[in-house]
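Asks: the following comprises the amino acid sequence and a computationally predicted model.
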Amino acid sequence: MAQQGFQYEKNVTKELQKIGLVKDDFRPVGAGHGRADLEIFWNEETINVELKTEGASGGSLALQWDGNKPKGKRWHFSDVSEDEEKQFLANLAESSGALGDLNKKWNKVPAKFARENSKETEEKLLAYAWKNAKDANSKKRIYEMEKEKFKEISETLPGKVISDYYEKKATYYINVGTNGFYIFDKKDPNKINDYCRKKGVARVPSFADSADVKYRVRVQPKGSGNFQYTFELSFNITKSNSSPYNVGPIPGKGNVTIIKNKLNVDCFT
């Protein structure tokens, strides 16, 4: 999925460079590099845009477990105070009740945090099994057991929570390949909708009002049989809530080829 997302960033960049909306020297850098997925250059300003191929994760944070803590408080996050984005997610997990809920429901020992020196035989055996899972098939078997043991928890959240999250990254716009271009919420620092009003075309819709947002707590596969326990935001947008604009339309379902005749950048041109 990460490679597919990165290819989508490159495909969008290439198409928008052809029509002058992205500078020729801009190059996507992929996840985790502290830079927006896309930088549109418009009205002598740079517009940071988040790119998603389709309904997907909107940010995630790995969960930790400490068997020395009392029951009901064992699941937690590592210290994320120096990372504003991660701190936002940790605070959201707390304020939304997700952290408390998972500590009630996920009340068994997780394989990846099981202690070899535990007094409990079952925990010792679990620790031993994970320590000796050297190949992908062994890890996958444990992943399947963990997924069954720790059922996914999911609850609806206000759409605004994702816009608040990306505001931490100075990003106020998003394009979802299957659904189009949106302003995250009410903030429109580059005044794109002022331009649309003057031009007499449809406004760029609000992502917060268009998307169904949820949090998910799950055992997440990481490839080669590995996995982690995560808290994440996810979203979905119905076709009826699609934007009239799309800077990178794609078929979806694994296909990130740009559909050129559905490219709509009238909110910029």
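Replies: Looks like it came in fine.
Asks: per-domain residue ranges of the protein.
Replies: Domains of the chain are assigned by automatic domain parsing as 2-55+161-213+237-262, 58-156.
Asks: secondary structure class for the residue most central in space within the chain?
Replies: In the chain, the residue lying closest to the centroid (CA atoms, centre = their mean) is G58, at 2.4 Å. On the three-state scheme (DSSP: H, G, I helix; E, B strand; the rest coil), G58 is labelled strand.
Asks: dig out what the residue nearest to it when sequence neighbours are not counted forms beta bridges with.
Replies: With sequence-adjacent residues excluded and distances taken as CB to CB, 6 or more residues apart in numbering, G58 is closest to L233, at 3.9 Å. For glycine as for every other residue, the C-beta is placed from the backbone atoms N, C-alpha and C. Using DSSP bridges, the bridge partners assigned to L233 are Y215.
Asks: so L233 sits right up against Y165, yeah?
Replies: Yes: the criterion here is CB atoms under 8 Å, and L233 meets it with Y165 at 6.7 Å.
Asks: overlap in contacts, the two.
Replies: Common contact partners of L233 and Y165 (CB atoms under 8 Å, 6 or more residues apart in numbering): 58-59, 89, 92.
Asks: and these, which is the shakiest by pLDDT?
Replies: Among those, G58 carries the lowest pLDDT, at 71.
Asks: with T269 as the reference, name the closest of the domains of the chain.
Replies: Of all the domains of the chain, domain 2-55+161-213+237-262 sits nearest to T269, with 7.8 Å by CB to CB.
Asks: related to what we said a few turns ago, list the contacts for the residue nearest to G58?
Replies: 57-60, 89, 92, 157, 161-162, 165, 213-216.
Asks: one more: A202?
Replies: A202 makes contact with 196, 244-245, according to CB under 8 Å, 6+ apart.
Asks: switch to 6 Å and redo it
Replies: In this structure, A202 makes contact with P244, judged by CB atoms under 6 Å, 6 or more residues apart in numbering.
Asks: just A133 next, same as before
Replies: Residues near A133 by CB under 6 Å, 6+ apart: 139, 142.
Asks: for the least confident helix or strand in the chain by mean pLDDT, packing partners?
Replies: Using mean pLDDT, DSSP states H and E, strand 57-62 stands out as the lowest-scoring helix or strand of the chain, at a mean of 83. Strand 57-62 makes packing contacts with helix 84-95, strand 226-236 when contacts are defined by 3 or more CB pairs under 6 Å, 6 or more residues apart in numbering; DSSP states H and E.
Asks: would you single out the least confident of these?
Replies: In terms of mean pLDDT, the lowest-scoring of the helices and strands packed on strand 57-62 is helix 84-95 (a mean of 90).
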